[in-house]
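Undergrad: need a structure here:
(one chain, ligands or ions: 2)
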Amino acid sequence: MEAQETLLEELLNVEVEIQDVEEQMKILLQRQDTLYERQSQLKALLEASEGSEYPAKDTASTTVENWSGSCEWDSEADDVRFNVFGISTYRANQREIINAVMSRRDVLVIMAAGGGKSLCYQLPAILRDGVALVISPLLSLIQDQVMGLTALGIPAYMLTSTTSKEDEKFIYKALEKGEGDLKILYVTPEKISKSKRFMSKLEKCHNAGRLSLIAVDEAHCCSQWGHDFRPDYKNLGILKIQFPSVPLIALTATATHKVQIDLTQMLHIPKCVKFFSTVNRPNLFYMVREKSSVGKVVIEEIAGFIQEFYPNNESGIVYCFSRRECEQVAKELRESGISADYYHADMDVNAREKVHLRWSNNKLQVIVGTVAFGMGINKPDVRFVIHHSLSKSMETYYQESGRAGRDGLPSQCLLYFRPGDVPRQSTMVFYENSGLQNLYDIVRYCLSKRQCRRSSIFRHFAEPFQDCNGMCDNCAFSSEIEEMDVSSHAKVIVSLLQDIRENDQRLTMLQLIDKLKTKHKELGSNLKRDQKEELVIKLILDRVLIEEFQHTAYATNAYLTIGPFAKQVLQGKRDVKLEVCNAQKKVAGINSVKHNVAFSGLEMKLDELRKELSSTHGGIFPHSILSTQQICMISAQKPNTLEQLEKIIGRLKTEKYGNRILEQIIKYADSNELKDEHGSDVRPKKRLKTKKPVVLIESSDDDA
Ligand SMILES: Nc1ncnc2c1ncn2[C@@H]1O[C@H](COP(=O)(O)OP(=O)(O)OP(=O)(O)O)[C@@H](O)[C@H]1O
Ligand SMILES: [Mg+2]
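TA: Numbers count the residues shown, from 1 in each chain. Ligands and ions are numbered 1, 2, ... in the order given. Have a look, this model is predicted:
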């Protein structure tokens, strides 16, 4: 009896202590929240004060030193930019970076995907005497670049496993003896770390004063903290040790503060000039749509979206969660009349390359890929990136969606979100460092029906907020959102999970939702199934519930259990609300972008011409013949003569393709005139001189 009393007393003490611990945990978690917030503010301040400041408004940024003054190479640089590359004006920071490299400084460039980093080393490579060495992580990227440069008549080569003996001999001779015409040499990092022969030739090239610059592209691969760490990148530090006087330029699209510090240390460029551009991609329209639980409905919607907005075979990517899903989605899209194929890591390299090539040549409209379809994508005119399932973090989503619109023209990033997809991802990432925290960040992005989508991106990269200009669904249409108080439903969920736990049982999200059917009926609840799912996810994000993971022989399962804030909900101290919005408005949001991207009339003809020319010019990509932007400019200005055309696309492209382009313009004008005479089609008169803006982002509010 006495023993029982002692046990009871101890139990009471333990329970009091548990309660005490829970109270303390609550306080600590609240403190943690405040600290997270402060952490991101501090990161933003730090980034802003270090070496370079984020731009106040525009994409340009200033560095401590001013690199925008006039330089002796200005006119030569302008000539090469326009007449060789066909680029009419510099984009933000390009000129300054080029000036810093030309001044023989080491440089770190952080510029968003498609910002135009390549030009920053390719142009100095042409201006300076000797050979520029470029290190790039992937064969496919290297091949694209070399092909593009060769098409521009620039002597660029690569030294990789695919290089012929003959080319290898030529390259080594050029390095060693300065014979032959070699301006830009691309290698993978393995060449630097593994080939002594190559390094000795490079040394000779350097000793003879012929190594003009070194560029390390996709430099985030140096750091273990980056998203694409490559062990061989770690050895690139040798370059600065062996060739200290040669300017080294490191370039990447995204690098957190930690990665930046890491890579400047690894590459031994502590005094480099840093150029940051904003992570903002103003031409991308971000949107999230609710994903039906019926697979076929999702495919129908995706196919409908593509057919409606991109009827002219404009390129796109659909990202899927798994390899199996990839194959299935590609098949179903094909059945819906979309030219689509899949790409994932289980395929053999040749099959993968074939799909990639068909897509790059515009012979395939859509690639349905897993995350394996990644860094090697160099296609500038990807008009849409659709996520069939959510990514595992904001960073991954930014990278993947950022493959749209690298040419700067309006493009759409659409993410299909369903709460049921969350446990699929969480079981994959829970063991990663901050894996769940990162996943919950993107889930917050998906669930939010009010907050600007861009603001989440800025917050993630600790960058000050910039105006979205109505280029996300929430900014375009922020009205029509109601808040629904679901505190009583939340209470039911918490008490149900408490009972389950006391009975030593567990529930997955699906099982919980099923159980709620009867419980909520008792409440007289009018919540739909997807709203119940959304509520559960919201409770996870708010740490009222937590996910627990359990391995079986076949899979990892995610179970739900009560979290540190459950008690507050039970005691009615915490309100839980769901945002409910009018779905029809979202569709209108997409329409505002639609009219700006589709080709029409002459543009279509020029698009056909670039495809034809690409196949007759050794298979270089259509976008290397004429960019989409150039097509828009030509059809807006309709030049009559080669001289006029040269003012738009530069000398080199005019010499190569000018006659065919003019021929096409005349043919198109004649056929239009004919239509006019017969009164069947009234279009603008031949050689209309009105200038149409190339990038036209209409105010989405008009469509509201
Ligand atoms: N000043 C410019 N004006 C117009 N187009 C440009 C300009 N600079 C670069 N481009 C074009 O923009 C596209 C993207 O350029 P680039 O491949 O250099 O991007 P990037 O910054 O390296 O992107 P990523 O991080 O994805 O590799 C290319 O088609 C390129 O020709
Ligand atoms: Mg690049």
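Undergrad: interface residues of this protein facing ligand 1?
TA: For the chain, the residues in contact with ligand 1 (CB under 6 Å from any ligand atom) are 87, 89-91, 94, 111, 113-119, 253, 380, 406-407, 627. No exception for glycine: its C-beta is placed from N, CA and C like everyone else's.
Undergrad: and those, which of them are buried?
TA: With neighbours counted by 16 or more other CB atoms under 10 Å, those contain buried members at 87, 90-91, 94, 111, 113-119, 253, 380, 406-407, 627.
Undergrad: out of the residues you listed, list just those in helices.
TA: Using DSSP state H, 94, 117-119 are the members of those that sit in helices.
Undergrad: of all these, which comes closest to T188?
TA: Taking CB to CB as the measure, T188 sits nearest to S118 out of these, at 16.6 Å.
Undergrad: hmm, the closest one is touching Q145, no?
TA: Yes. The pair S118 and Q145 passes the contact test of CB atoms under 8 Å, sitting 6.8 Å apart.
Undergrad: any idea how far stretch 2-18 is from the chain center?
TA: Its chain's average C-alpha position is 57 Å from that of stretch 2-18, according to CA atoms, centre = their mean, to the nearest Å.
Undergrad: may I see the buried residues of it?
TA: Per 16+ other CB under 10 Å, stretch 2-18 contains no buried residues.
Undergrad: avg pLDDT for that stretch?
TA: The predicted model gives stretch 2-18 an average pLDDT of 83.
Undergrad: apart from its chain neighbours, what residue comes closest to the residue of the stretch 601-704 of the chain found nearest ligand 1?
TA: Nearest to ligand 1 in the stretch 601-704 of the chain, going by CB to the nearest ligand atom, is S627, at a distance of 5.8 Å. In space, and not counting its chain neighbours, S627 is closest to D407: 5.8 Å by CB to CB, 6 or more residues apart in numbering.
Undergrad: could you measure from the one you found over to T628?
TA: 5 Å (CB to CB, to the nearest Å).
Undergrad: can you classify P419 by secondary structure?
TA: coil (DSSP: H, G, I helix; E, B strand; the rest coil).
Undergrad: quick check, pLDDT for it.
TA: pLDDT, read off for P419, is 94.
Undergrad: Y431 versus that one, what's the distance?
TA: Distance, P419 to Y431, by CB to CB: 22 Å.
Undergrad: can you list the domain ranges for the protein.
TA: What the TED database lists as the domains of the chain is 73-276, 284-478, 483-581, 601-671.
Undergrad: ok, which of these comes nearest Q32?
TA: domain 483-581 (9.8 Å).
Undergrad: show the end-to-end separation of that closest one, please.
TA: Distance between the two ends of domain 483-581: 9 Å, counting by CA to CA, to the nearest Å.
Undergrad: quick one: end-to-end length of stretch 314-326, please.
TA: With CA to CA as the measure, stretch 314-326 spans 20 Å from end to end.
Undergrad: and stretch 415-427, by the same measure?
TA: Terminal-residue distance, stretch 415-427 (CA to CA): 20 Å.
Undergrad: return the distance of that stretch from the chain's centre.
TA: 19 Å.
Undergrad: give me the contacts around that stretch.
TA: Contacts to stretch 415-427, defined as CB atoms under 8 Å, 6 or more residues apart in numbering, come from residues 286-293, 298, 301-302, 321, 386-390, 392, 397, 401, 436, 439, 443, 446-447, 508-510, 530, 533-534, 536-537, 540, 547, 549, 555-558.
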